[in-house]
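*Asks:* model the following, please.
(chains A and B)
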Protein chains: 2
Amino acid sequence: MGKLCSLRNLFVLSLALNASFLMRVMYKEGLGHSINDIFMNKREGCLLVSSSSSSPCATATATDTETDEDKIVNLDHGDPTMYENYWKQNGDKTTIVIPGWQSLSYFSDAKSLCWFLEPEFAKQVVRLHQVVGNAVTEDRYVIVGTGSTQLYQAALYALSDHQSDEPTSIVSAAPYYSSYPAITDCVKSGLHKWEGDAHKFKKPGPFIELVTSPNNPDGFIRQSVVNRTGGVLIHDLAYYWPQYTPITNKPADHDLMLFTVSKCTGHAGMRIGWALVKDRVVAQKMVKYIELTSIGVSKDSQLRAAKVLEAVSDSSGKEVCERDSFFKFAFHSLEQRWKQLREAVKKSGSFSLPEFSSGHCSFLKRDFELQPAFAWLKCEGEIEDCEGFLRSKKMITRSGKHFGVSPKYVRISMLDRDAMYNLFLSRLSAIRL
Amino acid sequence: MGKLCSLRNLFVLSLALNASFLMRVMYKEGLGHSINDIFMNKREGCLLVSSSSSSPCATATATDTETDEDKIVNLDHGDPTMYENYWKQNGDKTTIVIPGWQSLSYFSDAKSLCWFLEPEFAKQVVRLHQVVGNAVTEDRYVIVGTGSTQLYQAALYALSDHQSDEPTSIVSAAPYYSSYPAITDCVKSGLHKWEGDAHKFKKPGPFIELVTSPNNPDGFIRQSVVNRTGGVLIHDLAYYWPQYTPITNKPADHDLMLFTVSKCTGHAGMRIGWALVKDRVVAQKMVKYIELTSIGVSKDSQLRAAKVLEAVSDSSGKEVCERDSFFKFAFHSLEQRWKQLREAVKKSGSFSLPEFSSGHCSFLKRDFELQPAFAWLKCEGEIEDCEGFLRSKKMITRSGKHFGVSPKYVRISMLDRDAMYNLFLSRLSAIRL
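*Replies:* Predicted structure coming up:
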């Protein structure tokens, strides 16, 4: 055993050296994922596996001579690529090696309620919440999903009334996350039906209210607004992390809370989310839904997510220097971006942004104003279609109409790569209405 | 560049040594996924993150003194752990190293129709089909899904009539895959409705017929059975690989074909499947469904699946010796298991199995009878509830009633680990009705 241990130590050392070297080589040579912004990349990656010349993609051409002026600034999606800089500098600890014979079985822990949940992932979820203090994990079931998107559907499935002839009403206060209506109604479910703005909701019968806090798109902290019985709540806390909003003294303590790796650490490509669920029967139904619709969740990504969450927790200790702390890196990046955005908006004079009050963050031990993952921008003056207007300036954003409000608003991602964000800033600040 | 190249060669060599070493250490010490059979493992892995003593899991106790006689033989699921033996012996090539900064973006190829598809995975899918000769890939879109289960739902979404007030009828000839009804109707969709056995289908209006070939549960090669217009077909070809059935001279050439890594290589825990789709609009709708329900598919698992499929293709060359060929390993394992099963059934005299005719396999260059991934066992004599009878003998199987036929039948997985399968054989052969 002693021999094996020292062999293992040697191996770990050697692997760490290699992993660090690998990353340097890949980074230098542009192997692996390209660091060019995929939105700006005009190469057509044709999906059609074609040996004929009739490919529908054949007309697309490469435009490598494209200048900054020609580039489309696409901030429609909340693609969290801003975080790449941190992981390139600090990612060595999260390099994962998966041997070929691993994860053959469907099961992670066959006797568990959530049989497809990797125990190590669950452990790191709990640890991170304890480190940050943003949510209660005691007496909660951890359920893993293919992103919080699948968990949202699992929650609808679990909380809807399966016996009723009428679908359960699903509501959320406008402006609400633009994907909620489409996901809720995509297969015309008889279990649940999107009923729009919770402020205007008057339909009788059971309902589910979605409380997104901080809210997507506008970043505000929220509470439920429907003031009657017969409803249950789903708390979407994807953005309740200290880079976006002060963490209060009291950890969130709701019946069903959704989180996602994408918005916490930036690893959207993993497609890993988790739910903290108080009620056993609700947890069982959510597991059933994920079993039915995807027979569990990628083990590879769960194992990788566990490593990433562990690194985030490790980087949050008192002894860690500022630049090594994930949340401090993320906080300062967003702080700077919001400052720059408010300056650009001021310079242009054509737009407005929400104003946030300051709060004390028990995790970062300082006061600050919210600095959301999205900017909720309003076109001032006579422009009614803000999205269309910005599109004419080669900036792709998401119109307020998708969030249940006026098209004078647009949602803009604050989490894209530096090059894209800076181009957006310079283009926005130059606009004069 | 020359210097970098030799540094890289050195690194690759060092990494290969380390990976091989890692696997030996993990294997010896039982790190990573345990090689004990999870079904037999009685330790309760409690999901409830509890600091209180009121955990609902607290009553479960470890029974490490369990003998073979006490063990529950669970062959209900088609958990493909039989393949672990091959990957433990040949898995070095498929070890994957993922650095911490990889796969942050949602996008794999933003300009592609299937924007979340990793190009390397698509490439290896096409190559494997070309090597095996089991499906046409020319002029097809490759769509990746969280297992073929998600792709099945995406196909229903894409092929159902969204304008109609009536849901599209979904049918499949009995015995059909037991999960089809539950998946189809799980959220009481208004787009599609399970209508059962395709042989008995008489309802007017549009329909989708599912053709599973080789069939799950009984292993037979199938064609569509509904003989009228107004329908479209989904071909579920999860088991159309040379370890299960002879590959014919003519590759499968259907409009929509589903495959999954789970049943091809055994990596069920990856949750990766793919569809080959002829029509561009159908492909677009399937992509939309996966975008809506999970915003894409785990990149980590796609990258890993690409490596595994590549290794399978590489192991299929003419120069590869018999024991290194994945498909030959899988074929011989199943050949032996089917031989043993037929002997056990004969010895018992209480059961019967389907009889298959022989066919020529263009890939393995030999004639053989089908050797399905499931045994479709019938209780002879007066036993009506075969599943209940076997359960009383501590063998968990799936009743024929879930497949739309008589409970005199049960489905039994042929892909479990050796220890489990051998225990099943000895228990079955000892039964005298």
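
*Asks:* what's the next secondary structure element after the lowest-mean-pLDDT helix or strand in chain A?
*Replies:* For chain A, the helix or strand with the lowest mean confidence is strand A:48-49, at a mean of 32 (criterion: mean pLDDT, DSSP states H and E). Sequence order places strand A:73-74 as the next helix or strand after strand A:48-49, per DSSP states H and E.

*Asks:* partner strands of that following strand, with direction?
*Replies:* strand A:395-396 (parallel) (DSSP bridges).

*Asks:* mean confidence for the partner strand?
*Replies:* Averaging the model's pLDDT scores along strand A:395-396 yields 97.

*Asks:* what's in contact with the next helix or strand after that strand?
*Replies:* Following the chain from strand A:395-396 toward its C-terminal end, the next helix or strand by DSSP H and E is strand A:398-399. Applying CB atoms under 8 Å, 6 or more residues apart in numbering or on different chains, the contact partners of strand A:398-399 are A:76, A:178, A:217, A:385-388, A:407, A:409-412. All C-beta spots, glycine's among them, are computed from the backbone N, C-alpha and C.

*Asks:* now, these that are in helices?
*Replies:* Among the contacts of strand A:398-399, the residues falling in helices (DSSP state H) are A:386-388.

*Asks:* sorry, back to before: who wins for neighbours among the contacts of strand A:398-399?
*Replies:* Note: the member of the contacts of strand A:398-399 with the most neighbours is residue A:410, at 31 neighbours, neighbours being other CB atoms under 10 Å in any protein chain shown.

*Asks:* now do the contacts for the residue nearest to residue A:385 when sequence neighbours are not counted.
*Replies:* For residue A:385, ignoring the flanking residues on the chain, the nearest one in space by CB to CB, 6 or more residues apart in numbering or on different chains is residue A:407 at 5.0 Å. The contact partners of residue A:407, taken as CB under 8 Å, 6+ apart, are A:384-388, A:399-401.

*Asks:* now do residue A:224
*Replies:* For residue A:224, the contacting residues are A:198, A:209, A:211, A:231, A:233, taking CB under 8 Å, 6+ apart as the criterion.

*Asks:* now list the buried members of those.
*Replies:* A:198, A:209, A:211, A:231, A:233 (16 or more other CB atoms under 10 Å in any protein chain shown).

*Asks:* just confirm the second one is within a strand.
*Replies:* Yes: the assignment for residue A:209, made by DSSP: H, G, I helix; E, B strand; the rest coil, places it in a strand.

*Asks:* quick check: it touching residue A:171?
*Replies:* Yes: the pair formed by residue A:209 and residue A:171 meets the contact definition of CB atoms under 8 Å, at 5.4 Å.

*Asks:* okay, and the common contacts of these two?
*Replies:* With the criterion set as CB under 8 Å, 6+ apart, the overlap between the contacts of residue A:209 and residue A:171 is A:198, A:226.

*Asks:* what parts of the stretch 201-350 of chain A come near chain B?
*Replies:* Proximity of the stretch 201-350 of chain A to chain B, by CB under 8 Å from any CB of the partner chain, involves residues A:262, A:266-272, A:280, A:283, A:289, A:292-301, A:304, A:307-308, A:311.

*Asks:* and the end-to-end length of stretch A:164-177?
*Replies:* End-to-end distance for stretch A:164-177, by CA to CA, to the nearest Å: 27 Å.
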